[in-house]
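Visitor: I'd like to go over a predicted model; first the sequence, then the structure.
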Amino acid sequence: MTETPQQQKARIRADVLARRADIGTEAQTAAAVALVAQAGMLGLVSGRAVSGFWPIRGEIDPLPLMAHLAGEGARLCLPVVLDAQTLVFRAWTGDPDALVPARFGLMEPRPEAEPVRPDIMLVPLAAYDGAFNRIGYGAGYYDRAIAAMEAENHQPLLVGVAYACQRVEDVPAEPHDRPLAMVFTDAGTELRPDTEGAI
Ligand SMILES: Nc1nc2c(c(=O)[nH]1)N(C=O)[C@@H](CNc1ccc(C(=O)N[C@@H](CCC(=O)O)C(=O)O)cc1)CN2
Ligand SMILES: Nc1ncnc2c1ncn2[C@@H]1O[C@H](COP(=O)(O)OP(=O)(O)OP(=O)(O)O)[C@@H](O)[C@H]1O
C-alpha cells in the first residue's frame, strides 16, 4: 500500500514525538542552553523582529535563546492562533506575565499586543530532514503564515529549532512546504548549503 504524503507525515510525526517524549529534564535544560551558543549564526539581530515560540509538549525550549537575542536588541514576537487557518505574530517583551493562556496549552500575547512581521522566524517542528524540510503538528499554520508573507514579498529567515533526535531520513515535502535555512539543535547548527550570504 502506498501512503499519501499526509499519511507519511502523520506516521513520521508520531514516531518522532514519541522519541522526543523520552528526553529527560536535565537534557532539556542543557539543550536550551546549547541553543543560546548558536545565536551568532543569525548575524546582527539589533532592530530585527524575531519570532519565537512558547514551548509545549516537550518541545525544545527556545526562551533562553530569545532572551539572549532581546539582549542584543532584537524585537521579540510570538505566534497567536486566530482560527483554524490563521497564525499571526504579536510583540512580546519577554515577560511571561504579559502572556495569556490559549488553546493547545499555549501562552500568547494579548489581542492588544502590536502585530509584528518577523524578519527571522524560530520555527517549531515535529520532524525535519537533510533537505531542511519540516513537519509541524499538521495544521499547516506555519506553512500558511510563511506563504502569506511571501505573497507580500517578505522572505523571513526560517530557522528550525528542535532536538537533533527529531531529524529523520526523509520528510515527504509537498509543494506548499518551504525549506528552512538552518536548524538549531542541542547538537549544533545545521546550515542549508545555499544559505550562505542570506544572513
Ligand atoms: N510552541 C508552539 N507554538 C505554536 C506552534 C507550535 O508548533 N509550537 N504552532 C505551530 O503551528 C502553532 C499552534 N499549532 C498547533 C497546531 C495543532 C495542535 C494540535 O494539538 N492539534 C491537535 C489536533 C487538532 C485539534 O485538536 O484541533 C492534535 O495534534 O492532537 C497544536 C498546536 C502556534 N504556536
Ligand atoms: N500555503 C498554504 N495554503 C493553503 N493551505 C496550506 C498551505 N500550506 C499548508 N496548507 C494545508 O495545511 C495542511 C497541513 O499541512 P502540513 O501537513 O504540511 O502541516 P505541517 O507542516 O505539519 O503544519 P505546520 O505548518 O502548522 O507546522 C494541509 O492540508 C495543507 O494542504
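Guide: Right, received. Where do you want to start? Ligands and ions are numbered 1, 2, ... in the order given.
Visitor: Find the residue ranges of this structure scoring beneath the pLDDT cut-off.
Guide: Applying pLDDT under 70 to the chain picks out residues 196-199.
Visitor: can you pull out the strands in it?
Guide: According to DSSP state E, the chain carries its strands in the segments 49-51, 75-81, 87-91, 99-101, 107-109, 120-123, 127-128, 134-135, 157-161, 182-185, 188-191.
Visitor: any chance of those strands in TSV, plus mean neighbour count?
Guide: Heads up, the C-betas are built off the backbone N, CA and C, glycines and all. What follows is the strands of the chain, written out as TSV (neighbours: other Cβ atoms under 10 Å):
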stretch	mean neighbour count
strand 49-51	24
strand 75-81	21
strand 87-91	19
strand 99-101	13
strand 107-109	20
strand 120-123	24
strand 127-128	24
strand 134-135	24
strand 157-161	23
strand 182-185	24
strand 188-191	16
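Visitor: which residues sit in contact with the most centrally placed residue in the chain?
Guide: For the chain, the residue nearest the mean C-alpha position is Val123 (1.3 Å; Cα atoms, centre = their mean). The contact partners of Val123, taken as Cβ atoms under 8 Å, 6 or more residues apart in numbering, are Phe53, Arg134, Tyr142, Leu158, Val159, Gly160, Val161, Leu180.
Visitor: Include distance to Gly58 when you put the strands of the chain into TSV, please.
Guide: Output for the strands of the chain, formatted as TSV (distance: least, Cβ to Cβ, whole Å):
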stretch	distance to Gly58
strand 49-51	20
strand 75-81	18
strand 87-91	21
strand 99-101	18
strand 107-109	16
strand 120-123	17
strand 127-128	14
strand 134-135	16
strand 157-161	13
strand 182-185	14
strand 188-191	20
